[in-house]
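Engineer: here's my sequence, what's the structure:
(2 chains)
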Protein chains: 2
Amino acid sequence: MTDKLTAAERATHLTPLLDKGWAPVERADAIARTYVFDDFVHAFGFMTRVALEAEKMDHHPEWRNVYATVEVTLTTHDAGGLTMKDIALARRMEALV
Amino acid sequence: MTDKLTAAERATHLTPLLDKGWAPVERADAIARTYVFDDFVHAFGFMTRVALEAEKMDHHPEWRNVYATVEVTLTTHDAGGLTMKDIALARRMEALV
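Structural biologist: Okay, the predicted model is just below:
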């Protein structure tokens, strides 16, 4: 789960997330997505649901919230890049949004 | 509450917050503070308490969370700078931390 993704794993697991609106991050081996909700209550409600999952997975997002917008960046610092933990957390976010 | 702070109001209301660790933001008429907690649960617990207050005040922070760290920036977009709403929200955060 915490080994850096291989090229084959990227093709298999990353492509479906890129199709959903996630994008690679220039500065690092990471992926990012911006969610825009109707208002702060919906944005922070999403963050709260994700926070509970993230804590359970022991893998946490970098994220920035301004009112209805939540900007998420996922990477695994211990591995120095993307791992299956990031894929799993992105998938959970897609399921919760 | 949403008029830009005067010089006198800044001296009275801003100084105590600057003493607590808040700092002016270079790029804008805003103030910022970084809180560091023991772990994600404490960081997000703080964010949740602040979120409820912010929604009640109808004034929301810009904030970024990475694991145990919460970086907060406060400004009032409608007023183009700092207002008493920012002071009030910063004070609530200091009370909740």
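Engineer: distance from the chain centre to stretch A:23-30, please.
Structural biologist: Centroid separation for stretch A:23-30 versus its chain: 12 Å, with C-alpha atoms, centre = their mean, to the nearest Å.
Engineer: contacts for it next, please.
Structural biologist: Stretch A:23-30 has contacts (C-beta atoms under 8 Å, 6 or more residues apart in numbering or on different chains) with A:4, A:18, A:31, A:32, A:33, A:73, A:74, A:75, A:80, A:81, A:82, A:86. (C-beta placed from N, C-alpha, C; glycine too.)
Engineer: are any of these buried, and if so which?
Structural biologist: Listed as buried from the contacts of stretch A:23-30 are A:31, A:32, A:33, A:73, A:74, A:75, A:82, A:86; burial here means 16 or more other C-beta atoms under 10 Å in any protein chain shown.
Engineer: and the fifth one, what does it touch?
Structural biologist: Residues in contact with residue A:74 (C-beta under 8 Å, 6+ apart) are A:30, A:31, A:32, A:61, A:62, A:82, A:86, A:89, A:90.
Engineer: next, format the residues you listed as JSON lines and append secondary structure.
Structural biologist: Formatted as JSON lines, the entries for those read as follows, by DSSP: H, G, I helix; E, B strand; the rest coil:
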{"residue": "A:30", "secondary structure": "strand"}
{"residue": "A:31", "secondary structure": "strand"}
{"residue": "A:32", "secondary structure": "strand"}
{"residue": "A:61", "secondary structure": "coil"}
{"residue": "A:62", "secondary structure": "strand"}
{"residue": "A:82", "secondary structure": "coil"}
{"residue": "A:86", "secondary structure": "helix"}
{"residue": "A:89", "secondary structure": "helix"}
{"residue": "A:90", "secondary structure": "helix"}
